[in-house]
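In: what follows is a predicted structure for the sequence shown.
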Amino acid sequence: MGANFLEINTARGRPSPFSRRVELLVGIGLGYTISFSGRAFSEETSLMAAFIGPILDFSVGFLPGVYSTVVSAVFILVGICIIRTMTFIYRQIQVFYKVANTIPIDLLNPEPLAVFASQPLRVFFGLVGITVIIPFTLASSEGLANTVIPTGLPMIALVFVLFLLVSIPLTRIRSRLKQAKIEESQLITQALTGNRRALNDSRISAHQDEFKMPDLLYYQDRIHSVWEWPLHAHIRKIAFYLVLPPLAWVLETFVETAL
């Protein structure tokens with residue numbers, strides 16, 4: 001199992017120099033496209049005029065040109081960050097899914113598999129955070145509400161799709177855990193009905209002679225109790241974030257009532 005987790009830590013996100021250059025160019029293109037299209041929309045000008053906006057602003061004056069260039073550079077940086085993040089997550093999903101298909105499943109010690117739940121839970125917590133913030137923003141002012149509705153809802157949808165994507169390796173681990181439980185339970189059932197040789201293929205094959213019928217019954221209960229979702233290390237975090245949205249909305253109602 002250690003070798004598989006070493007693969008997770010060393011193999012994720014190793015793009016070639018060519019891939020990095022492509023990501024950089026695509027990020028620059030995305031960022032500048034967002035910049036000049038937003039300028040065309042806000043200033044009600046043509047796309048071509050918005051595209052060469054920094055040059056036109058320099059013809060008006062040095063400070064307007066510098067300001068326009070800085071704004072465009074910020075959007076370009078945002079575009080690069082978006083593309084880098086997307087490609088990193090894609091490579092990370094590939095590596096985690098590969099390891100999820102090959103990592104040994106130990107039904108008696110599934111806790112280390114919680115590493116596959118870390119990334120989905122981070123995205124899930126971000127989704128919960130956005131969901132909690134939006135009602136407060138809508139109630140704060142009409143101007144912010146008009147901005148949040150067209151931007152916040154698509155953001156929630158995007159983060160939800162991202163959550164589904166990063167959960168693919170976790171669902172694969174869950175599927176393998178479920179299948180391992182079924183197979184082990186069938187072997188124990190065969191042993192309990194008289195076919196002791198079935199334990200040769202079980203996870204207790206090295207100690208099968210020490211297992212009497214009460215021990216096998218206990219072991220069977222232990223296998224049935226194994227949680228198929230490897231979330232053992234995150235229970236407290238999950239509970240906190242599931243309680244946070246209702247609590248925030250209750251506090252908001254209380255404040256509105258008090259005022």
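Out: Received it, and whenever you're ready, just let me know what you need.
In: tell me how many other residues surround residue 47.
Out: Residue 47 has 12 neighbours, counted by other Cβ atoms under 10 Å. In short, each C-beta sits where N, CA and C put it, glycine included.
In: also the one 3 residues further on?
Out: When neighbours are counted by other Cβ under 10 Å, residue 50 registers 19.
In: and the helices in the chain, which stretches?
Out: Along the chain, the segments classed as helices by DSSP state H run 2-11, 17-43, 47-51, 53-60, 62-102, 115-140, 142-166, 168-192, 213-224, 235-258.
In: return the distance of the fifth one from the chain's centre.
Out: Looking back up the chat, that one is helix 62-102. Remark: helix 62-102 is offset 16 Å from the chain centroid, using Cα atoms, centre = their mean, to the nearest Å.
In: dump the helices of the chain to TSV, plus distance to residue 205.
Out: Output for the helices of the chain, formatted as TSV (distance: least, Cβ to Cβ, whole Å):
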stretch	distance to residue 205
helix 2-11	22
helix 17-43	46
helix 47-51	70
helix 53-60	72
helix 62-102	21
helix 115-140	27
helix 142-166	36
helix 168-192	9
helix 213-224	12
helix 235-258	32
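In: so which of the ones you listed is nearest residue 108?
Out: Among these, the nearest to residue 108 by Cβ to Cβ is helix 213-224 (7.4 Å).
In: who's in contact with the closest one?
Out: The contact list for helix 213-224, computed with Cβ atoms under 8 Å, 6 or more residues apart in numbering, reads 107, 108, 181, 184, 185, 188, 189, 191, 192, 204, 211.
In: pLDDT wise, what is residue 8 at?
Out: For residue 8, the model assigns a pLDDT of 52.
In: er, residue 122 I mean
Out: On pLDDT, residue 122 comes in at 84.
In: pull the number of nearby residues for it.
Out: 13.
In: likewise for residue 35?
Out: A count of neighbours around residue 35, defined by other Cβ under 10 Å, yields 23.
In: ok, it - contacts?
Out: Shown in contact with residue 35 (Cβ under 8 Å, 6+ apart): 71, 72, 75, 76.
In: try 10 Å
Out: Contacts for residue 35 (Cβ atoms under 10 Å, 6 or more residues apart in numbering) come out as 50-51, 53-54, 68, 71-76, 78-79.
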